[in-house]
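>>> After the sequence you'll find the predicted model.
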Amino acid sequence: RGRAPRICRCTCMSTQSELLTWGSAQLKELSTDSGGASPAAEARYLLAWALGVDSLLRAPLEVPPIAEASYRTAVMKRARRIPRSHVTGQMYFRGLKLDAGEGVFTVRPETEMLVEHVLELISKDGIPEGEWVDLCSGSAAIALSLSLEGKHHVTAVEVDPSAFSYAQRNVAAHAQASVGLVNGDATQASTLKELGGKVALLVSNPPYVPPNEAPTQPEAQRDPAVALYGGGDDGTQIPKLLIDRCRDLLMKDGLLAMEHSASQAQTLREYARECGFTQVRTLSDLAGIPRFLFARYTEGE
């Protein structure tokens, strides 16, 4: 009698190592500041995302076909310089996982330092008892971080409907935070009128990019223009309007913290002083670049 033919049951699944080697090769043109530390690190991140794990150590060495297909698609999108947050639909800010994608600003590590400076100053010097507000909130990243780490309610204002929808989802996903959302124009006197003179902390990462500093990276160019450009010849039109609003919102000795371009540091310090702020200073980001305006409102002192 002849033997029955052997049936090969091998699934021929690719291994993590094989896919990481392929992915790194596809992503070799990515620079170190385009969203991943390196092509290899970017490939590892995308494979972990496709597998639905925080670490590849928690995933099987052989990758299921569905996860492999998702990974290969994601790698090819990143190779075309589509932002990681648009590819995966998520981004991270101070350990928070946030919904992201087209229509909302992609958070940067520099802005994490804004929150760090705020929390350090509150711990060291204190602020009055009052409301906390995040203007031009975007995805609500700053508001959520301040609420969770500072253990305080934060009111977040965002004018763009698309960004506001992301903020709604992110606030809903982090129910342990206390964040109230307002869909409105932060530069208008009618927005938060009820909080006039009641705000102890006002934080903002507003549109501030000057026209001569337009982003050159393809990823950054995909951020919504409404979240990037500050208006005017030097990009300070919106930041100045927000400083004006701060005079109505902040209580005596209330703290203003605002991100800006390095080229705007002196201009915004001078303007803050003209508007009745004291203890005006510029703090730096992780790279040592002057990035954040900090000032106290002293009712015209």
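Nice, I can see it.

>>> Secondary structure element for Val226, which one?
helix 225-228 (DSSP states H and E).

>>> For that helix, buried residues please.
Neighbour-count burial for helix 225-228 flags 227-228 (criterion: 16 or more other CB atoms under 10 Å). Heads up, the C-betas are built off the backbone N, CA and C, glycines and all.

>>> can you check stretch 146-162 too?
So, applying 16+ other CB under 10 Å, buried residues of stretch 146-162: 146-150, 152, 154-160.

>>> and Ala143, what does it touch?
Contacts for Ala143 (CB atoms under 8 Å, 6 or more residues apart in numbering) come out as 134, 137, 154-156, 167, 171, 177, 179.

>>> now with 10 Å?
Going by CB atoms under 10 Å, 6 or more residues apart in numbering, Ala143 touches 115, 132-135, 137, 153-158, 167, 170-171, 174, 177-181, 203.

>>> A strand includes it, no?
No: counting by DSSP: H, G, I helix; E, B strand; the rest coil, Ala143 falls outside a strand, being helix.

>>> Narrow the contacts of Ala143 to those that are buried.
115, 132-135, 137, 154-158, 167, 170-171, 174, 177-179, 181, 203.

>>> So in terms of bridging, what pairs with Thr282?
Per DSSP bridges, the residues bridged to Thr282 are Leu293.

>>> tell me the mean pLDDT over the strand ranked longest in the chain?
Determined from DSSP state E, the single longest strand within the chain is strand 250-259. For strand 250-259, mean pLDDT is 97.

>>> for stretch 127-140, same thing?
Across stretch 127-140, the average pLDDT comes to 97.

>>> and if you look at stretch 87-99?
Across stretch 87-99, the average pLDDT comes to 96.

>>> Repeat that for stretch 169-185.
For stretch 169-185, mean pLDDT rounds to 98.

>>> gap between Arg84 and Glu42?
7 Å (CB to CB, to the nearest Å).

>>> where along the chain do the strands fall?
For the chain, applying DSSP E gives strands covering 90-93, 96-99, 131-135, 154-158, 179-183, 199-204, 250-259, 277-284, 290-297.

>>> mind putting those in JSON lines, distance to Thr191 included?
Output for these, formatted as JSON lines (distance: least, CB to CB, whole Å):
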{"stretch": "strand 90-93", "distance to Thr191": "24"}
{"stretch": "strand 96-99", "distance to Thr191": "23"}
{"stretch": "strand 131-135", "distance to Thr191": "9"}
{"stretch": "strand 154-158", "distance to Thr191": "6"}
{"stretch": "strand 179-183", "distance to Thr191": "7"}
{"stretch": "strand 199-204", "distance to Thr191": "12"}
{"stretch": "strand 250-259", "distance to Thr191": "15"}
{"stretch": "strand 277-284", "distance to Thr191": "20"}
{"stretch": "strand 290-297", "distance to Thr191": "18"}
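
>>> Quick one, which of the ones you listed gets closest to Leu30.
Of all those, strand 90-93 sits nearest to Leu30, with 16.7 Å by CB to CB.

>>> Work out the gap between stretch 99-118 and the centre of the chain.
For stretch 99-118, the distance from its own C-alpha centre to the chain's C-alpha centre is 2 Å (CA atoms, centre = their mean, to the nearest Å).

>>> First residue to last residue on that stretch, what's the distance there?
End-to-end distance for stretch 99-118, by CA to CA, to the nearest Å: 24 Å.

>>> Quick check: buried residues in it?
In terms of neighbour count (16+ other CB under 10 Å), stretch 99-118 has its buried residues at 99-101, 103-108, 110-118.

>>> With stretch 49-66 instead?
Residues of stretch 49-66 classed as buried by neighbour count (16+ other CB under 10 Å): 49-51, 56, 59, 63.

>>> can you list the weak-confidence ranges in the chain?
Applying pLDDT under 70 to the chain picks out residues 1-11, 31-37, 300-301.

>>> most centrally placed residue in it?
Nearest residue to the geometric centre of the chain (CA atoms, centre = their mean): Val107, 1.9 Å.

>>> List the residues that contact that one.
Val107 is in contact with 85, 91-94, 96, 98, 100, 138-139, 141-142, 145, 205, counting by CB under 10 Å, 6+ apart.

>>> and what of His153?
131-132, 143, 146-147, 177-180.

>>> sorry, back to before: which of the contacts of Val107 count as buried?
85, 91, 93-94, 96, 98, 100, 138-139, 141-142, 145, 205.

>>> Specify which member of these is nearest to Met13.
The nearest member of the buried ones among the contacts of Val107 to Met13, counting by CB to CB, is Ser85 at 28.5 Å.

>>> Am I right that the closest one is in contact with Ala220?
No: using CB atoms under 10 Å, Ser85 makes no contact with Ala220, being 11.5 Å away.
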